[in-house]
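**Q** Compute the structure for the input listed below.
(2 chains)
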Amino acid sequence: MFRTIAAATAITVACGLGAAPALAAAPSTPVADATPSPVDKGLDAIKAAGANAIDRRLTSLNTAMGSVNNSTRLTDSDKQTILGTLTTDVSGLTTLKSTLAADTTLAAAKSDYQAIFTTYRVYAVAIPQSLEAAAADAITGAMPKLQDASQRLSDALAKSGKSTPELQSTLDDLNAKLADAQSLTDGLSAAALAVTPSAYNADHTVLSQLRTKLVQAAQDLRAAVQDGRTVLEALR
Amino acid sequence: MRRVALLAAAGILAAVALTGCGRLAHDTVAPPQPAPTVTTVVPAPDLGQIGSDLDGAASAGSEADGFLTSASQAAATPDEP
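**A** From the prediction side, this is the model:
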């Protein structure tokens, strides 16, 4: 269901997790509640900005939950983990919205406003970690058939009499890329889903480090597929 | 008496020759039959299926790329200080 349309924008591509609408609600350009900070304004301004920020996150979270439920790439276990996080965030943010609306002091409102970000990290952690888990699951889910294809290509090449050093080298590269991708993604989905807002607050690179590995694994996968197609073409 | 015995023995031999033992003896002198040919059928590699599997992996890779792009965009949302 989450076929990527080549010409689509990156946000449309996010439909893979079904997160496109979620990310559409997560603007990629500066937003009003970012600068200037409403905490420097009065009580009513903080409440309004907080309600706005919470509503946007609730929309994103609800959209993401529907998409996670429909995802064909996520494993059942990862789905449950993600849904647990997203549901907890929805519940917590809904409560926080009421609390913020009832605040009567500037200090309390500032504290509650900051909690929207530091406690939940919807856009910095919850949604990115879900997408990273989906990417990891997509890659690892493709590996068995690709490994099987590699074996069948090797067998076919041996029986066809068309084997050449170049084709054998291509096949070796395919297997090397698969091994690399497997190594990079080993345990990565679980690691992404284990990241908490607290962990992010302590280290803002905690998810981007995992993302770097996934980008490399996806490149390996693409290269392996290209190698396979090269050998397959030679056999035809 | 002895003649009767000889005739009986000859009859037995004739009977044996007409039954299984006789056929066995006949077969043993027949030219050997060629062994049946055993053909091992080696299935041709299903190149179409391999191509389909490669396409499936490519699709998964594209989706993974999309997820990662979206993750980067979400993480770059500026109101998450």
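
**Q** OK, contacts around residue A:125?
**A** A:195-197, A:200, A:207 (CB atoms under 8 Å, 6 or more residues apart in numbering or on different chains). In short, each C-beta sits where N, CA and C put it, glycine included.

**Q** Also within reach of chain B: list those from the residues you listed.
**A** Checking the contacts of residue A:125 against chain B by CB under 8 Å from any CB of the partner chain, the ones in range are residue A:207.

**Q** Kindly give a single ChimeraX line that selects the buried subset of the contacts of residue A:125.
**A** To isolate the buried members of these in ChimeraX, using 16 or more other CB atoms under 10 Å in any protein chain shown:
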select /A:195,197,200,207
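
**Q** will you turn the contacts of residue A:125 into JSON lines that also has pLDDT and secondary structure?
**A** JSON lines is the format used below for those (pLDDT from 0 to 100; DSSP: H, G, I helix; E, B strand; the rest coil):
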{"residue": "A:195", "pLDDT": "97", "secondary structure": "coil"}
{"residue": "A:196", "pLDDT": "97", "secondary structure": "coil"}
{"residue": "A:197", "pLDDT": "95", "secondary structure": "helix"}
{"residue": "A:200", "pLDDT": "94", "secondary structure": "helix"}
{"residue": "A:207", "pLDDT": "95", "secondary structure": "helix"}
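
**Q** Rounded mean pLDDT for stretch A:97-117, please.
**A** The average pLDDT for stretch A:97-117 rounds to 96.

**Q** Low-confidence ranges, chain B, go.
**A** B:1-32, B:34-45, B:78-79, B:81 (pLDDT under 70).

**Q** same deal with chain A?
**A** A:1-40.

**Q** tell me the centre residue of it?
**A** By CA atoms, centre = their mean, chain A has its centre lying nearest to residue A:131, at 1.5 Å.

**Q** What is the lengthiest helix in chain A packed up against?
**A** The residue-count maximum for a helix in chain A (DSSP state H) belongs to helix A:127-160. In terms of contacts (3 or more CB pairs under 8 Å, 6 or more residues apart in numbering or on different chains; DSSP states H and E), helix A:127-160 is packed against helix A:43-70, helix A:76-102, helix A:165-185, helix A:188-193, helix A:206-235, helix B:47-75.

**Q** Tell me which of those lies nearest to residue A:147.
**A** Nearest of these to residue A:147, taken as CB to CB: helix A:165-185 at 6.0 Å.

**Q** which strands and helices sit next to the closest one?
**A** Helix A:165-185 packs on helix A:127-160, helix A:206-235, going by 3+ CB pairs under 8 Å, 6+ apart.

**Q** quick one: contacts for residue 75?
**A** Went with chain A since none was named. A:137, A:141, A:189.

**Q** wait, chain B
**A** Counting by CB under 8 Å, 6+ apart, residue B:75 has contacts A:123-124, A:128, A:207-208, A:211.

**Q** Filter those down to the buried ones.
**A** Judged by 16+ other CB under 10 Å, buried ones among those: A:123-124, A:128, A:207, A:211.

**Q** ok, residue A:227 to residue A:41 distance?
**A** Residue A:227 sits 58 Å away from residue A:41, going by CB to CB, to the nearest Å.

**Q** Please say which of the two ends up with more neighbours.
**A** The residue with more neighbours, out of residue A:227 and residue A:41, is residue A:227; 24 against 13, by other CB atoms under 10 Å in any protein chain shown.

**Q** Just list the residues touching the closest residue in space to that one that isn't next to it in sequence, thanks.
**A** Closest residue to residue A:227 apart from its sequence neighbours, by CB to CB, 6 or more residues apart in numbering or on different chains: residue A:174 at 3.7 Å. Residue A:174 makes contact with A:150, A:153, A:224, A:227-228, A:231 under the criterion CB under 8 Å, 6+ apart.

**Q** How about residue A:185?
**A** So residue A:185 contacts A:136, A:139-140, A:213-214, A:217 (CB under 8 Å, 6+ apart).

**Q** Of those residues - the most surrounded one?
**A** Counting by other CB under 10 Å, top hit in the contacts of residue A:185: residue A:136 with 32 neighbours.

**Q** correct me, but that residue touches residue A:192?
**A** Yes - the pair residue A:136 and residue A:192 passes the contact test of CB atoms under 8 Å, sitting 6.7 Å apart.
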